[in-house]
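Peer 1: sequence unknown, structure follows:
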């Protein structure tokens, strides 16, 4: 089962209502690129890695063209992408225009969901993930225990709020 690691941190902002409380923050242990994706995908299907790389390399530019043409792009098992805009208001509709009132264009991602047997909607990308605290690297591990799920785990990485990734892989 996939493991999503977190670290505990304390809110030290006195202006925040959660000041002094402890929270969890996801730890990114590694960043992977299309080379890694292509290798993993090749292991799961009959398509060759080189063909997967060719398709993945073209995915970004093709999606960009479609999104810029006011289209929603749906990728099964992943989700939908579309563009959104942030605008400022205008009293007179005749004065509203893109040049003056559109502040930025951004991508909106809506993960694919499916209904469980209980009728609850779950996001496909996170279905079945196990959330656990990242093992403390200073704590001595019992390396003889093969049933220890934390044995051999990689504790490198930063939190998801500052983008810290120590193992950048192409």
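Peer 2: On my side now, so go ahead. What you are looking at is a predicted structure, and each value in this text was computed from that prediction instead of being measured.
Peer 1: direction included, what does the helix or strand where residue 82 lies pair up with?
Peer 2: Following DSSP states H and E, one finds residue 82 within strand 79-87. Strand 79-87 has the following strand partners under DSSP bridges: strand 73-75 (antiparallel), strand 102-111 (antiparallel).
Peer 1: give me the buried positions along it.
Peer 2: By 16 or more other CB atoms under 10 Å, the buried positions in strand 79-87 come out as 79, 81, 83. C-beta coordinates here come from the backbone N, C-alpha and C atoms, glycine included.
Peer 1: and the nearest residue to residue 42 once chain neighbours are set aside, how many neighbours?
Peer 2: Closest residue in space to residue 42, ignoring its immediate chain neighbours: residue 49 at 4.3 Å, by CB to CB, 6 or more residues apart in numbering. Applying other CB atoms under 10 Å, we find 15 residues neighbouring residue 49.
Peer 1: ok, now the one 3 residues further on?
Peer 2: Under the neighbour criterion other CB under 10 Å, residue 52 is assigned a count of 19.
Peer 1: so it touches residue 43, yeah?
Peer 2: No: taking contacts as CB atoms under 8 Å, residue 52 lies outside contact range of residue 43: 10.6 Å.
Peer 1: contacts for the helix or strand that residue 65 is a member of next, please.
Peer 2: Element membership for residue 65, per DSSP H and E: helix 49-68. With CB atoms under 8 Å, 6 or more residues apart in numbering as the test, helix 49-68 has contacts from 34-35, 37-39, 41-42, 73, 81-83, 107.
Peer 1: who wins for neighbours among those residues?
Peer 2: Ranked by the number of neighbours (other CB under 10 Å), those place residue 38 first, at 21 neighbours.
Peer 1: helix/strand/coil for it?
Peer 2: In three-state terms, and counting by DSSP: H, G, I helix; E, B strand; the rest coil, residue 38 is helix.
Peer 1: where along the chain do the helices fall?
Peer 2: 34-44, 49-68, 98-101 (DSSP state H).
Peer 1: give me the below-cutoff pLDDT ranges for this structure.
Peer 2: By pLDDT under 70, the weakly predicted segments of the chain are 137-170.
Peer 1: and residue 11, how many neighbours does it have?
Peer 2: Residue 11 has 13 neighbours, counted by other CB under 10 Å.
Peer 1: close enough to count as contact, it and residue 21?
Peer 2: Yes: applying CB under 8 Å, one finds residue 11 in contact with residue 21, separated by 5.4 Å.
Peer 1: tell me what residue 24 is bridged to.
Peer 2: With DSSP bridges as the rule, residue 24 is bridged to residue 8.
Peer 1: quick one: residues contacting it.
Peer 2: Contacts for residue 24 were tallied using CB under 8 Å, 6+ apart; they are 6-9, 133.
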